[in-house]
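Could you look at this predicted model? Sequence included:
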Amino acid sequence: MTTKNDIEKFRIDKWLYAARFFKTRSLAAEAVERSKVHINGMRVKPAKIVTTGDMLTIRIGHYQYEIKVLALSNKRGSAVEAQKLYEESDASRETRAALAEQIKMQSQQFYTKGRPTKRDRREIERFRNQE
């Protein structure tokens, strides 16, 4: 006979924290509350129980992860151990890489060094005087 204490429950917020998607459990719970995490395509609450084989969609900032739960854990371990808890789909990985490259290219276009140097200021003045 099994009692309630013998069966360990794996809440989604604790699992996300153990899998190192969020730095704190409260951040994981907040993300679940704000519909940033879906299990098998459905919106869930932080107390939702996770099982192996579940498909998770996790949105963190601009990035979206589509993962399959391989193992369960409530304890946060090393990054190597955390990566054994899930498997990310190839499509998700490619989409994130493409988005990261796009963001990198956009940030390079608008990069400025800071205040203009004396030489830069003189060039700006020459340009303004030509108009």
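Ah, there it is.

so how many other residues sit close to residue 21?
The criterion is other Cβ atoms under 10 Å. On that basis, residue 21 has 21 neighbouring residues. Any C-beta I mention is one placed from the backbone N, CA and C, and that applies to glycine too.

Please apply the same query to residue 46.
Residue 46: 18 surrounding residues under other Cβ under 10 Å.

Quick one: residues in contact with the helix or strand encompassing residue 82.
Residue 82 is part of helix 79-83 when elements are defined by DSSP states H and E. The contact list for helix 79-83 (Cβ atoms under 8 Å, 6 or more residues apart in numbering) reads 18-20, 73, 76.

Which residue comes closest to residue 54 once chain neighbours are left out?
Excluding the flanking residues, the one nearest residue 54 by Cβ to Cβ, 6 or more residues apart in numbering is residue 69, at 4.6 Å.

related to what we said a few turns ago, ok, then the element right after the helix holding residue 82?
Scanning forward in sequence from helix 79-83 by DSSP H and E, the next helix or strand is strand 86-88.

burial measure for the residue nearest to residue 87 when sequence neighbours are not counted, as a count.
Once flanking residues are discounted, residue 87 sits nearest to residue 68: 5.0 Å by Cβ to Cβ, 6+ apart. When counting by other Cβ under 10 Å, one arrives at 13 neighbours for residue 68.

pLDDT value on residue 68, please?
At residue 68, the model reports a pLDDT of 95.

so it sits in a strand?
Yes. Assigned with DSSP: H, G, I helix; E, B strand; the rest coil, residue 68 falls within a strand.

Much appreciated, bye for now.
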